[in-house]
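1. the following block contains a protein sequence and its predicted model.
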Amino acid sequence: MELIEWDMYEVSSHEGSVTGNKVRGRLRKFALNNNINLLVENTQDGDPRIRFAVLSGESIDPIKDFLIGLFSDVIFELVYEKVKNPVLSRTQVNLEHRYEI
């Protein structure tokens, strides 16, 4: 069995905080209503931001449009591509060479 691969993105805004104001919940509800496979969490390893993951290769355009509606200056950054079983809160946890198998 092959594991699902995810692309991870980080979201921030100069206009206002993307954490602490129910953005994760609104984003989850948006994804559910639009049949988008999505993982979303707050970051714990730097400035307060949100990280989300979609299935590898999927467009994030609907998510971008939704978040731009909340924050006109939202910034999206691709953090990792094709991550298996991603941990969103701390990016370094996703480096497979850190684990002995």
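-> Noted; the coordinates are in hand.
2. list the strands paired with the top strand by length along the chain, with their directions.
-> In the chain, with assignment by DSSP state E, the single longest strand is strand 75-84. Sheet pairing for strand 75-84, assigned by DSSP bridges, gives strand 5-12 (antiparallel).
3. summarise which helices and strands the next helix or strand after the partner strand is packed against.
-> Sequence order places helix 23-33 as the next helix or strand after strand 5-12, per DSSP states H and E. With contacts taken as 3 or more CB pairs under 8 Å, 6 or more residues apart in numbering; DSSP states H and E, helix 23-33 sits against strand 38-42, strand 50-55, helix 61-70. C-beta coordinates here come from the backbone N, C-alpha and C atoms, glycine included.
4. ok so, going back, what average pLDDT does the longest strand of the chain get?
-> For strand 75-84, mean pLDDT is 92.
5. repeat that for stretch 20-31.
-> 89.
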